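Participant: give me coordinates for this.
(2 chains)
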Amino acid sequence: MLETEVHDLSDDADYEASQQQGSRSIMRSDSGKRSEPEGAEVVYVKENVSVHPTQYMSERISGRLKLIKQGQSLFMSWIPYKGQNSNTRLLEKDRNLYTIRLLAFTDVRSIRRHTPAFGWQYVIVVLLSGLAFPPLYFYNGGVREFLATIRQHVFLVRSAEDESIFIVNDFQDPLQKTLSSLVQPRAVSVANAPSASISVGESPSIHNQKTDEGAFGGSSASQYIGRPRHKVHDPARDLSIQVLEKFSLVTKFARETTSQLFHENSDYFLANGRKNEQSIHDGPPKLESNNLQKVTNDVPVHDHPPKSTFNIMQNVPDEVPVPADPLEFDQLAVVWGKPRQPPLATKEWATFLDSEGRVMDAKALKKRVFYGGVEHELRKEVWPFLLGSHEYDSTYAEREYLRSVKKKDYENIKGQWQSISPEQAKRFTKFRERKGLIEKDVVRTDRTIYFYDGEDNQNVNLLHDILLTYSFYNFDLGYCQGMSDLLSPILYVMEDESEAFWCFCALMERLGPNFNRDQNGMHAQLFALSKLVEILDGPLHNYFKQNDCLNYFFCFRWILIQFKRELKYEETMRLWEVLWTHYLSEHLHLYVCIAILKRHRSKIIGEQMDFDNLLKFTNGLSGHIDLEAVLREAEALCLCAGENGAACIPPGTPPSLPTEDGLLTSQLEDEVLFSCPRKVFSHPTSRLPPGLPSKAMPALTASSVCLTSFSSPLATDRLVRRPLKRRGERIGKGNSAAEGSIVGRR
Amino acid sequence: MSYAYLFKYIIIGDTGVGKSCLLLQFTDKRFQPVHDLTIGVEFGARMITIDNKPIKLQIWDTAGQESFRSITRSYYRGAAGALLVYDITRRETFNHLASWLEDARQHANANMTIMLIGNKCDLAHRRAVSTEEGEQFAKEHGLIFMEVSAKTAQNVEEAFIKTAATIYKKIQDGVFDVSNESYGIKVGYGGIPGSSSGRDAATSQGGGCCT
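Facilitator: Sure, this is the predicted structure:
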């Protein structure tokens, strides 16, 4: 077997090089050896294996990848180097977030190898739960050697249907095969008992927990912590421990102060902002600042929360005992969720604008929309701002001018496909397929809405034209089902082809990754969702874990098209404008998911829903979601999770945009030059007429305006900490004038 | 709503071949050309009778687009029957059958009954795949085959029922251990006398809450 492997790999220069380097690098790994358990052998080491937390290749966390063997078990670890990030602004917690401390291959489902024609090879490790780690880029080569080494220790087969996929733990029996993808984790862990002997290194307390693995619903307070006990080597769990330890303090604090807050008005964090902000954040940040490592290492287990949090619910008498919601949700919602306001109306909207039409205080506007939404008649005006299609500091005149420029740009792109003759189309399969698919889908989109109903509806044709034009504008992404759902309300609101197109483009800047072929955008969000549930509702997380529901596929449709199929048309528009403000979080939609799940947690757990039933149940919630209540609860959850929640969400997770603060560093000059022409084209906003005021440094000015104009200390706190890159990027992205002028200067 | 058995079905095949219409024709006996495209999965259910036994079919209607394959795969678990659908007027939907079959074989249990369905047989004038080709493909891969029309309802009932009858026969022949739900079969009230495990299943199932 070994021989064939070597033969198999002999054509790979990459492999040869790594073979030569291999022994050396293994020698050098001594320094890292301390983290390995006793009796373990490092069988593979590769330096400079990196994660890109954003879509920008310049943002890179490099580290050391190792394969470690102990007994019959193989483990993988990837530890980022300390202090060597390409970008110093990458926060320490980003490093921690991605760290793979010790991952047993019994928990791995498959490894996908990507060998792009240009650029570095990378692998994606997919867990049995269906979740995937971010791509690991091999900057020093060695992917084949990596796979070959794994194959020497673990049963690894190449997938018959996709040869870039290597399946781990594949079994001959097809039934086993099925089970392995969904049911296996427990069986495997048990079968490979030795794996348990490697605990997350340094944590005896976790190790001990193995022994108290009792039936679900046991009354031990430790259950609350939601700590998975099957897989002691789950790296995601390492993170969760840190987060949980911190979070439990928040929860404890929240509980203690509940009565105090109860009396304060709904505007409490404005009126009493300072006090609350301080006390809420005083607890966790103390731990957070420098002690991350410490928390991981000597996990202080089980001393909180109070036992009372594990009450048996009384209102589900005949069902399985349902562990209490650690947030005592309803109560908190009352306290935390601000009452919703009436939607923003024309008269009030005028007060946000100066005489030339600039939005004077973007932050205040976002806040207003966050808490109330926008009256329908006004959406046409406000949405382009929220989506980033209009600059907040643009004037009426600028917008008017850009409107005509954009219209022309749109017509140009549209002309590209319109000019394809039938003869040419015959030889253009990809085009025919896309066009055919879009034609089939637009007639299946919202045809019960009067705007799109009836035979030969012109608006349906517009949906078609815009989607096909988009698929040329973004040919790499193309068209994918779900996009028509996202476009439909936008066209309905904008009532103009070109403007709807550009608003849709702006939305797709955020949500495009939802439709990536490898589904990595969706995986990232589902992963973040599972982490958030883990900190916000440990017992529910445990329940999902025990019932093999951790892939959160039952929230797939919610996230993919932003609850479009779950809410009425009008409600969808309301939710979207609230989400687009990015007021408390860019990822409020994940908190919305959690708010909905939490509303039904006692039913889910009480009826012991399995994956199938859970999927049916969540599907069936369509049309039965109380949006206003859910929004308040989502807001409460988001505030409650605070920094710890944000830490669960890897940077770049949709709808976050790729960060662009790197533009300021000199090493990125090349990328600035390379990426600019494309962006100049893609954002016609950059072409200002000579007479209009130049906006040379919008990112800086606008973001400082945003930051100083916060009225909510809580919000300020969050946005300052995930700092300029979040806001700056948004503004920088939407306004390529600056980039254009950089190019011009050069 | 008591049933002797509950079978989980999954409907798969390329986008636009008429999976949702097929389901609607079967469950609601109507053809609705204007409906939203399927994102993720939709569910339907209907009772049928086989051998005088009430059987509940719980049907999963999946999204067909390639991009969603990875998620569709997670739906195969515990399916007793699959309807693999193509559109007789679009050759490419027939050409993709092998890859769908591959998915089904890999992610479903080995004893899952697969029915190959050539839909839109009312559009005979636009036919791009002959009946013989469909039959041939089914024969080569050990599938049951039928051409149907979700629009006219031709053979729709038969397709679902024939699949159920095949599954039922497999139960009678002892191919399945019905107490093991991974086969996609649940035993309900009014089930098989003496099948105590079945009664347990029925208790937790509550007799058809799952539409």
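
Participant: in the helix or strand harbouring A:Gly642, which residues are buried?
Facilitator: Per DSSP states H and E: A:Gly642 is located in helix A:627-648. Buried positions in helix A:627-648, judged by neighbour count with 16 or more other CB atoms under 10 Å in any protein chain shown: A:627, A:630-648. Any C-beta I mention is one placed from the backbone N, CA and C, and that applies to glycine too.

Participant: return the residues of chain B in contact with chain A.
Facilitator: Applying CB under 8 Å from any CB of the partner chain, one finds that chain B approaches chain A through B:8, B:15-16, B:34-37, B:39-43, B:63, B:65-68, B:70-71, B:73-78, B:99, B:102-103, B:105-110, B:182, B:204, B:210-211.

Participant: out of the residues you listed, which end up buried?
Facilitator: Here, 16+ other CB under 10 Å leaves B:8, B:15-16, B:36-37, B:39-43, B:63, B:65-68, B:70-71, B:73-78, B:103, B:105-109, B:182, B:210 buried among the residues of chain B next to chain A.

Participant: in strands only, show me those residues.
Facilitator: B:Lys8, B:Val41, B:Glu42, B:Phe43 (DSSP state E).

Participant: could you identify the most distant pair in those?
Facilitator: Spanning the widest gap among these are B:Lys8 and B:Glu42, at 14.1 Å by CB to CB.

Participant: quick one: average pLDDT of the strand or helix carrying A:Leu365?
Facilitator: Using DSSP H and E, A:Leu365 maps to helix A:362-372. In this model, helix A:362-372 carries a mean pLDDT of 97.

Participant: repeat for stretch A:493-506
Facilitator: 98.

Participant: now stretch B:61-70
Facilitator: 91.

Participant: now do stretch A:601-609
Facilitator: pLDDT averaged over stretch A:601-609 gives 95.

Participant: hey, C-alpha coordinates of that stretch in PDB?
Facilitator: Taking C-alpha atoms only, stretch A:601-609 is exported to PDB below (Å, rounded to 0.1, in the frame of the first residue of the first chain):
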ATOM      1  CA  ARG A 601     -37.500  25.200  22.400                       C
ATOM      2  CA  SER A 602     -39.800  23.600  24.800                       C
ATOM      3  CA  LYS A 603     -41.800  22.000  22.000                       C
ATOM      4  CA  ILE A 604     -38.600  20.900  20.100                       C
ATOM      5  CA  ILE A 605     -37.100  19.300  23.200                       C
ATOM      6  CA  GLY A 606     -40.400  18.200  24.800                       C
ATOM      7  CA  GLU A 607     -41.500  16.400  21.700                       C
ATOM      8  CA  GLN A 608     -38.000  15.000  21.200                       C
ATOM      9  CA  MET A 609     -37.800  16.100  17.600                       C
END
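
Participant: same question for it: list its buried residues.
Facilitator: Using 16+ other CB under 10 Å as the test for burial, stretch A:601-609 gives A:Arg601, A:Ser602, A:Ile604, A:Ile605, A:Gly606, A:Glu607, A:Met609.

Participant: do the same with stretch A:507-524
Facilitator: A:507-516, A:519-524.

Participant: low-confidence ranges in the chain?
Facilitator: Here I'm looking at chain A. A:1-38, A:54-58, A:83-94, A:117-118, A:170-320, A:327-337, A:658-746 (pLDDT under 70).

Participant: not what I meant, chain B
Facilitator: B:1, B:189-211.

Participant: need the strands for chain B, in chain order.
Facilitator: Secondary structure of chain B (DSSP E): strands at B:5-12, B:41-50, B:53-62, B:81-87, B:113-119, B:144-147, B:185-187.

Participant: can you get me a residue count around B:Ile11?
Facilitator: 30 (other CB atoms under 10 Å in any protein chain shown).

Participant: nope, B:Trp100 is what I was after
Facilitator: For B:Trp100, using other CB under 10 Å, the count is 22.

Participant: can you give me the distance of it to A:Pro651?
Facilitator: Separation of B:Trp100 from A:Pro651 (CB to CB, to the nearest Å) stands at 37 Å.

Participant: same deal with A:Arg113?
Facilitator: Distance, A:Arg113 to A:Pro651, using CB to CB: 25 Å.

Participant: those two: who's more crowded?
Facilitator: Neighbours per residue (other CB under 10 Å) separate A:Arg113 from A:Pro651, with A:Pro651 holding more: 21 against 18.

Participant: hmm, A:Pro53 and the more buried one touching each other?
Facilitator: Yes. With contact defined as CB atoms under 8 Å, A:Pro651 reaches A:Pro53; the gap is 4.5 Å.

Participant: in this structure B:Leu23 contacts B:Ile10, no?
Facilitator: No. With contact defined as CB under 8 Å, B:Leu23 does not reach B:Ile10; the gap is 10.8 Å.

Participant: so for these two, which sits in the more crowded spot?
Facilitator: B:Ile10 (28 against 25).

Participant: so what's A:Met76 up against?
Facilitator: Counting by CB atoms under 8 Å, 6 or more residues apart in numbering or on different chains, A:Met76 makes contact with A:Leu65, A:Lys66, A:Leu67, A:Ile68, A:Ile100, A:Leu102, A:Leu103, A:Phe105, A:Val108, A:Val125.

Participant: which of those residues has the largest number of neighbours?
Facilitator: Busiest of these [other CB under 10 Å] is A:Lys66, holding 26 neighbours.

Participant: which residues are in contact with it?
Facilitator: So A:Lys66 contacts A:Ser29, A:Gly32, A:Val42, A:Tyr44, A:Val45, A:Lys46, A:Met76, A:Ser77, A:Trp78, A:Ile79 (CB under 8 Å, 6+ apart).

Participant: now swap in A:Glu41 and tell me
Facilitator: Here A:Glu41 is in contact with A:Ile68, A:Lys69, A:Gln70 (criterion: CB under 8 Å, 6+ apart).

Participant: same thing but 6 Å
Facilitator: A:Glu41 is in contact with A:Lys69, counting by CB atoms under 6 Å, 6 or more residues apart in numbering or on different chains.

Participant: from A:Leu536, how far out is A:Arg632?
Facilitator: From A:Arg632 to A:Leu536 the distance is 15 Å (CB to CB).

Participant: no wait, B:Ser130
Facilitator: B:Ser130 is 57 Å from A:Leu536, by CB to CB.

Participant: more neighbours, those two?
Facilitator: When neighbours are counted by other CB under 10 Å, B:Ser130 and A:Leu536 differ, and A:Leu536 comes out ahead with 28 against 12.

Participant: distance of that one from A:Ile596?
Facilitator: Going from A:Leu536 to A:Ile596 by CB to CB gives 13 Å.

Participant: helices and strands around the helix ranked longest in chain B, which ones?
Facilitator: What stands out as the longest helix in chain B, according to DSSP state H, is helix B:156-172. In terms of contacts (3 or more CB pairs under 6 Å, 6 or more residues apart in numbering or on different chains; DSSP states H and E), helix B:156-172 is packed against helix B:19-28, strand B:41-50, strand B:113-119.
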